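# Sequence first, then the predicted structure, then my questions.
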Amino acid sequence: MTSSTSHQGRDTVFKILFQACATLFIMAFTLQSTRSLNDGRTIPALGFGVYQVEPGDKAVQAILWALEIWVTTKLWDDSHGYTNAISAFEFSLEKLGLDYVDLYLIHSPYPGKKLRTESWKALEELHRKGLVKSIGVSNYGIHHLKELLSICTIKPVVNQIEVTPYLTREDLVAFCNGQNIRVEAYSPLTMGQKLKDPTLVSIARKHGKQPAQILIRWSLQRGFIPLPKSVHKERIIANADVFGWEISAEDMDALTGLNEDFVTEWDPTTCS
Ligand SMILES: NC(=O)c1ccc[n+]([C@@H]2O[C@H](COP(=O)([O-])OP(=O)(O)OC[C@H]3O[C@@H](n4cnc5c(N)ncnc54)[C@H](OP(=O)(O)O)[C@@H]3O)[C@@H](O)[C@H]2O)c1
């Protein structure tokens with residue numbers, strides 16, 4: 001065997017090994033996949049949203065279709081402060097009919113530094129009592145996270161923020177990653193507003209997938225925990241069919257390049 005043919009042989013072996021590893025990686029990522037949290041627990045890699053679903057049969061049916069439950073609930077902006085936060089949580093727990101919730105979040109930093117700091121102390125107390133297994137925040141910008149990290153005794157495990165190819169928030173995401181705070185991606189389908197975007201539609205066609213599936217898969221491949229919402233059975237099933245295939249690096253870049261700082265509803269990450 002000449003040197004060049006032995007190189008070719010080695011290259012072929014490397015290629016086969018690389019493809020086998022890549023395939024194993026893709027196959028290993030399933031609906032049951034989890035992400036580790038900085039408090040030692042794990043969270044499902046894909047969430048399920050129920051925002052703006054009216055309470056009632058439709059909501060119950062959607063949840064039943066999606067079942068396998070991890071319960072996250074939030075402290076609303078009008079219930080901040082130490083005592084209020086404890087009472088609001090107790091009220092939520094009673095309404096949910098549960099002994100504990102998996103994840104309790106501060107919904108937004110809007111109530112201001114003093115109140116959100118007191119509220120965090122309440123969340124830490126609820127955590128210590130075992131009433132919430134993990135605690136985190138939502139809609140926090142970098143300055144809010146720095147403020148929280150300077151006073152907390154328990155670190156937030158997640159920051160739930162709006163993040164899509166149209167709103168990539170690179171700095172905030174990098175900060176969260178650097179602090180080992182998971183990013184949960186809300187409104188990952190842009191509330192339906194970008195599902196007809198020509199670049200997205202063309203990438204979806206290329207993969208034989210729906211635009212919504214591409215957005216969810218993009219989020220997963222970026223390392224986020226996307227929370228797509230639907231009340232339709234066929235969409236719930238399609239939105240969960242995002243494993244066992246992947247978006248190529250080139251198409252991931254094309255999607256990420258769509259950033260236009262597009263906010264669907266509100267953006268508390270910039271408030272003081
Ligand atoms: N922390 C926060 O401030 C915050 C804010 C907003 C949302 N969230 C969380 O994020 C979750 C999801 O966000 P979201 O409800 O705002 O928006 P979203 O998940 O981006 O989009 C939901 C919309 O997309 C449609 N849809 C779902 N699957 C689809 C599919 N396969 N094809 C076409 N359309 C599809 C839904 O319609 P149908 O339901 O009719 O199928 C609905 O109109 C919420 O439920 C909530 O948990 C958090």
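Everything's here; your move. Numbers count the residues shown, from 1 in each chain.
# Run a quick neighbour tally on residue 236.
Residue 236 has 19 neighbouring residues, counting by other CB atoms under 10 Å. In this view, the C-beta of every residue, glycine as well, is placed from N, C-alpha and C.
# Kindly report the same for residue 53.
Neighbours around residue 53, by other CB under 10 Å: 15.
# was I right about it contacting residue 231?
Yes: using CB atoms under 8 Å, residue 53 is in contact with residue 231, at 5.8 Å.
# Now do the shared contacts for these two.
The contact sets of residue 53 and residue 231 overlap at 59, 62 (CB atoms under 8 Å, 6 or more residues apart in numbering).
# and residue 85, that one's in a helix?
Yes: counting by DSSP: H, G, I helix; E, B strand; the rest coil, residue 85 is located in a helix.
# Correct me if wrong: it contacts residue 116.
No: the criterion here is CB under 8 Å, and residue 85 misses it with residue 116 at 9.7 Å.
# Would you mind giving both backbone torsions of residue 88?
phi -60, psi -40 (degrees, to the nearest 10).
# nearest spatial neighbour of it, skipping sequence neighbours?
Nearest residue to residue 88, sequence neighbours excluded (CB to CB, 6 or more residues apart in numbering): residue 79, at 3.7 Å.
# how close does that neighbour get to residue 179?
Remark: distance between residue 79 and residue 179 (CB to CB, to the nearest Å) = 26 Å.
# From residue 58, how far off is the residue of the stretch 1-150 of the chain found nearest the ligand?
For the stretch 1-150 of the chain and the ligand, the shortest gap (CB to the nearest ligand atom) falls at residue 49, measuring 2.3 Å. Separation of residue 49 from residue 58 (CB to CB): 14 Å.
# residues in the chain within reach of the ligand, list them.
Neighbours of the ligand within the chain, by CB under 6 Å from any ligand atom: 49-51, 138-139, 160, 186-192, 195, 210, 212, 227-232, 235, 238-239.
# Filter the residues you listed down to the buried ones, ChimeraX style.
Applying 16 or more other CB atoms under 10 Å to those, the buried members can be selected in ChimeraX as follows:
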select :49,138,139,160,186,187,188,189,190,191,195,210,212,227,228,229,230,231,235,238,239
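# residue boundaries of the strands in the chain?
Along the chain, counting by DSSP state E, strands occupy 34-36, 42-44, 72-75, 101-106, 132-138, 158-162, 182-186, 225-226.
# List the residue ranges of the protein that fall below the pLDDT cut-off.
The chain contains residues with pLDDT under 70 at 1-28, 60-61, 64-68.
# The same query, at a cut-off of 90, please.
Within the chain, the segments meeting pLDDT under 90 span 1-35, 42-71, 95-100, 233, 243-244.
# Number of residues surrounding the closest residue to residue 259 other than its chain neighbours?
Spatial nearest neighbour of residue 259, chain neighbours left out: residue 168 (4.3 Å); criterion: CB to CB, 6+ apart. Number of residues near residue 168 (other CB under 10 Å) recorded here: 20.
# re the thing from before, could you double-check that the residue nearest to residue 88 sits in contact with residue 92?
No: checked against CB under 8 Å, the pair residue 79 and residue 92 is beyond contact range at 9.5 Å.
# Those two: which is more packed in?
With neighbours defined as other CB under 10 Å, residue 79 and residue 92 compare such that residue 79 has more, 21 against 18.
# tell me the contacts of that one?
Applying CB under 8 Å, 6+ apart, we find residue 79 in contact with 85, 87-88.
# With residue 149 instead?
Residue 149 sits next to 155, 179 when contact means CB under 8 Å, 6+ apart.
# ok, back up a step: hey, what's the residue of the stretch 1-150 of the chain closest to the ligand bridged with?
Here residue 49 sits in beta bridges with residue 229, going by DSSP bridges.
# surely it meets residue 229?
Yes: the criterion here is CB under 8 Å, and residue 49 meets it with residue 229 at 3.2 Å.
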